[in-house]
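# Sequence and predicted structure are below.
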Amino acid sequence: VGNYIMDAFATEAFGEVTVLAKSGIIGMLGVSNGRLNQSVTSSDKGMSIYGKLGYDNAPLLSDPDDLRFRLTGSFYRSSEESTRDYIYGGDRAGGRYYATYQGRNDSRVNDFSPRFNPGYASLTTFQVNPFISVDGLEFFGIYEVASNNLDEGGSFTQIAGDLLYRFGAMDQIYVGTRFNSVTGEIVDGAPSGTITRFNIGGGWFMTQNVVAKAEYVTESYTGDVWNGTKLQGAGFNGFVLEAAISF
């Protein structure tokens with residue numbers, strides 16, 4: 001139901017060049033202003049560059065049930081002149097599990113809780129993604145490191161693994177499980193912390209545009225970095241049902 005704990009998705013003004021070769025080579029290089037909201041009353045000289053390189057054997061397959069393999073690596077780097085960086089908080093949709101950690105006396109709702117955003121004003125992040133698919137069985141993995149570009153340092157590492165099985169006349173039903181964790185420190189030498197999440201569930205695409213989903217999810221916060229905050233010893237678990245209509 002939910003996406004990843006540290007979920008990279010942003011809506012920004014951008015330009016990019018993409019190459020999809022018949023040999024399976026994938027390449028992309030882009031540049032953006034690193035911002036979701038624009039301003040005509042302040043100066044922002046910041047920018048972000050990003051890119052991807054990988055291989056996907058899909059163009060070479062003669063049967064869709066054959067073994068498909070894809071391996072990609074991508075990066076994103078924002079300049080130190082950026083006034084805001086939205087790579088982990090710019091999709092406008094907010095996080096699932098709907099403000100689970102929202103305190104009763106919090107004056108402002110955190111629409112992205114319980115996702116995690118390192119909050120670095122300037123950062124460099126890279127991600128490696130393996131993907132394997134055969135006869136309806138799929139594996140997708142993430143290894144990601146997000147580092148602070150400023151002198152105080154700090155970084156967070158995310159790992160995730162999805163195992164999914166699709167079936168039905170049009171592969172419209174799926175069951176799956178995911179393990180996801182984020183570990184790191186806000187600045188160099190600071191206490192470290194870990195967020196761990198486990199999901200198991202499934203879904204049914206009733207049409208191409210309508211899906212119903214159900215899952216059991218458990219999440220926990222460990223480490224000294226959360227001490228003194230409402231996330232010290234935090235965690236939740238439970239069942240979630242959701243339906244979505246997309247166009």
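The structure has been received and is ready for your questions.

# what ranges do the helices span in this protein?
Ranges of helices within the chain: none, based on DSSP state H.

# Could you list the low-pLDDT ranges of it?
Residue ranges of the chain with pLDDT under 70: 36-44, 82-84, 103-111.

# Go again with 80.
For the chain, applying pLDDT under 80 flags the ranges 34-46, 64-65, 80-86, 90-95, 99, 102-113.

# all strands of it, in order?
Counting by DSSP state E, the chain has strands at residues 14-20, 25-32, 48-56, 68-78, 123-134, 137-148, 155-167, 173-185, 193-205, 210-223, 235-245.

# export those to JSON lines and tack on mean neighbour count?
No exception for glycine: its C-beta is placed from N, CA and C like everyone else's. Output for the strands of the chain, formatted as JSON lines (neighbours: other C-beta atoms under 10 Å):
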{"stretch": "strand 14-20", "mean neighbour count": "11"}
{"stretch": "strand 25-32", "mean neighbour count": "16"}
{"stretch": "strand 48-56", "mean neighbour count": "18"}
{"stretch": "strand 68-78", "mean neighbour count": "17"}
{"stretch": "strand 123-134", "mean neighbour count": "17"}
{"stretch": "strand 137-148", "mean neighbour count": "17"}
{"stretch": "strand 155-167", "mean neighbour count": "17"}
{"stretch": "strand 173-185", "mean neighbour count": "18"}
{"stretch": "strand 193-205", "mean neighbour count": "18"}
{"stretch": "strand 210-223", "mean neighbour count": "17"}
{"stretch": "strand 235-245", "mean neighbour count": "12"}
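
# Same list (the ones you listed) but as JSON lines, adding distance to Ser62.
Formatted as JSON lines, those follow (distance: least, C-beta to C-beta, whole Å):
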{"stretch": "strand 14-20", "distance to Ser62": "19"}
{"stretch": "strand 25-32", "distance to Ser62": "19"}
{"stretch": "strand 48-56", "distance to Ser62": "15"}
{"stretch": "strand 68-78", "distance to Ser62": "12"}
{"stretch": "strand 123-134", "distance to Ser62": "14"}
{"stretch": "strand 137-148", "distance to Ser62": "19"}
{"stretch": "strand 155-167", "distance to Ser62": "20"}
{"stretch": "strand 173-185", "distance to Ser62": "25"}
{"stretch": "strand 193-205", "distance to Ser62": "26"}
{"stretch": "strand 210-223", "distance to Ser62": "30"}
{"stretch": "strand 235-245", "distance to Ser62": "34"}
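
# So which of the ones you listed is nearest Asp85?
strand 68-78 (5.0 Å; C-beta to C-beta).

# Thanks a lot, catch you later.
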